[in-house]
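A.B. asks: this one's structure only:
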């Protein structure tokens, strides 16, 4: 007798049906973001960086991400039809890393004008009074009517920390994602991000206080 | 010590372990489980009160922001043992 298909089986099938659209959305959004940021990238000083990259969420990460959105990280087997991967905003994602931080607002403004209908969904800081850790938006583009795209604008050091954390810990086993939600890991993550922010802010302060540095750097720019 | 550290300490002292796969704090002896969302959204006092509540019956007691369905309860019970 054939075994009954699980929710995960059904979602895997859905993923591979959506995959061509997910790829198209990632490519489309990345191209639009790069084009939109050209006027800013052309004026960067030698020490400044703006890096745009895109990624397609892999199948198991997408399933795990959907499961983790349920309280108790458990699918309700009696409500199997409730779940669809199209409810995820980040199947196709673009990330813009900016250094130093003062470029973030400029990039955010330019992209908001380019994607006015997209929904803002910032990554909040740890306390209500903290500024967001990243600007984030999601919505539909011409590439697909069923898969949403997402772009994120984040300071370079924070973004690189997230990348290292992801590749070293969560990528090999998506189930480890839950480690980050434990209370004590949230506290440690906060300490790392606070330190990175302080480093970037100090760097900017030093540049502001010494106009000679800015001029000597500008002599060599743009890259 | 931060707020989250204190909540973690309260849970640890009461014998709760963290399941990173299900994102819940659970105690097999008292048959209680707290979702991360519940712990984050409730004060230390409320958490302490819920830990002290006497569990009734043989079944697990789940402290979630939205009460879990019977299906979710039964799956979690089978995982938690």
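C.D. replies: Everything's here; your move. Quantities reported herein were computed from a predicted structural model and do not represent experimental measurements.
A.B. asks: alongside chain A, which residues does chain B contribute?
C.D. replies: B:2, B:4-5, B:7-8, B:11, B:18-24, B:33, B:35-40, B:62, B:64-66, B:68-72, B:75-76 (CB under 8 Å from any CB of the partner chain). Where you see a C-beta, it was placed from the backbone N, CA and C, and this is true even at glycine.
A.B. asks: I'd guess residue A:98 is in a helix, am I close?
C.D. replies: No - counting by DSSP: H, G, I helix; E, B strand; the rest coil, residue A:98 is located in no helix; its state is strand.
A.B. asks: okay, now it: neighbour count?
C.D. replies: Counted by other CB atoms under 10 Å in any protein chain shown, the residues lying close to residue A:98 total 25.
A.B. asks: swap in residue A:10?
C.D. replies: Close neighbours of residue A:10, defined as other CB under 10 Å, add up to 15.
A.B. asks: spit out the contact partners of it.
C.D. replies: Residue A:10 sits next to A:80, A:83 when contact means CB atoms under 8 Å, 6 or more residues apart in numbering or on different chains.
A.B. asks: what residues sit buried inside the host helix or strand of it?
C.D. replies: Using DSSP states H and E, residue A:10 falls within helix A:7-41. Across helix A:7-41, burial judged by 16 or more other CB atoms under 10 Å in any protein chain shown covers A:7-8, A:11-12, A:14-15, A:18, A:21-30, A:32-33, A:36-37, A:40-41.
A.B. asks: and residue 62, what does it touch?
C.D. replies: Just so you know, I chose chain A. By CB under 8 Å, 6+ apart, the residues touching residue A:62 are A:11, A:15, A:85, A:88, A:91.
A.B. asks: please go with chain B instead
C.D. replies: A:72, B:32, B:33, B:35, B:68, B:73, B:76.
A.B. asks: and the helices in chain B?
C.D. replies: For chain B, the helices defined by DSSP state H occupy B:3-13, B:36-41, B:44-52, B:70-80.
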